[in-house]
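Q: I would like to see how this sequence folds:
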Amino acid sequence: RSEGARAGARADWAAGENSLTVQADVFDNQVTINENLLGTQAHVRGGNALGRWTRPLGDGELQVQAYYDRFEREEPGTLERSETWDLSVQHAVALGRHQLVFGAGHRVVDSRFRTPVGGATLDPPDRTLTLTNVFAQDQIALADGLTLTLGAKFENNSFSGQEFLPNVRLAWRRPGGDLVWGSVGRASRTPNR
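A: Numbers count the residues shown, from 1 in each chain. A predicted model of the protein is given here:
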């Protein structure tokens, strides 16, 4: 069972060639967890905010995005809290048959997990995690309806260190609108606590 409130807002502006989006959400909930016959009360609350600035640059578009998220879950004897900051930038440009996109991002997560003696634990109970990436992608129009996409991302994260993530995709849009595609790539799921 859950009782609570949630609210959010979004605003978009355009000033000349620049566009800006700002959005935010907050929530505050009381949740009953049925671990025993009486149920355990948990208080779950948090919110997030996002800002995105976009403008033309050269023959393409530059986008810068910042994001913040806070989450907290509290029940008798237990506290879980995390704060996430994320900044990314990407530039998309058209060069003849090529649609290029390249960029970078950095994320920081401050995590805290406290439990009563004898409960589940994380060691250490407080930890700061990071994820940094750079990427590039080239979408090439080979023929009418046939597109080859070559991409690569390099990531560095607090758990598994450095990862190289290549990707190759081939897509064919048939007359009439159907899309047939296939891809080969290496993916890495970023672990969390």
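
Q: for Asn29, which residues make a bridge with it?
A: Bridge pairing for Asn29 (DSSP bridges) gives the partners Gly4, Val44.

Q: Quickly find the element holding Gly177.
A: Assigned by DSSP states H and E, Gly177 falls within no helix or strand.

Q: Now it: phi and psi?
A: Dihedral angles of Gly177 (phi, psi; degrees, to the nearest 10) stand at phi 100, psi -10.

Q: Now do the contacts for it.
A: Applying C-beta atoms under 8 Å, 6 or more residues apart in numbering to Gly177 gives no contacts. Quick note: C-beta positions are derived from backbone N, CA and C, even for glycine.

Q: do the same with Glu163
A: Counting by C-beta under 8 Å, 6+ apart, Glu163 has contacts Phe154, Glu155, Asn156, Asn157, Ser188.

Q: same thing but at 10 Å, please
A: By C-beta atoms under 10 Å, 6 or more residues apart in numbering, the contact set of Glu163 is Asn133, Lys153, Phe154, Glu155, Asn156, Asn157, Arg186, Ala187, Ser188, Thr190.

Q: ok, it to Lys153 distance?
A: 8 Å (C-beta to C-beta, to the nearest Å).

Q: tell me, what's touching these two both at once?
A: In contact with both Glu163 and Lys153: Asn133, Arg186, Ala187, Ser188, using C-beta under 10 Å, 6+ apart.

Q: give me every residue that touches the residue most central in space within the chain.
A: The centre of the chain sits closest to Asp86, judged by C-alpha atoms, centre = their mean, with a distance of 8.1 Å. Each residue near Asp86 by C-beta under 10 Å, 6+ apart is listed here: 48, 50, 65-69, 105-109, 131.

Q: Serialize those to CSV and add fields for pLDDT.
A: Supplementary listing: those in CSV, determined by pLDDT from 0 to 100:
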residue, pLDDT
Asn48, 98
Leu50, 98
Gln65, 98
Ala66, 98
Tyr67, 98
Tyr68, 98
Asp69, 97
Gly105, 98
His106, 97
Arg107, 96
Val108, 96
Val109, 94
Leu131, 93
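
Q: buried sites along stretch 136-149?
A: By neighbour count on 16 or more other C-beta atoms under 10 Å, the buried set for stretch 136-149 is Gln137, Asp138, Gln139, Thr147, Thr149.

Q: ah, wrong one, I meant stretch 74-90
A: Glu75, Glu80, Arg81, Ser82, Glu83, Thr84, Asp86, Ser88, Gln90.
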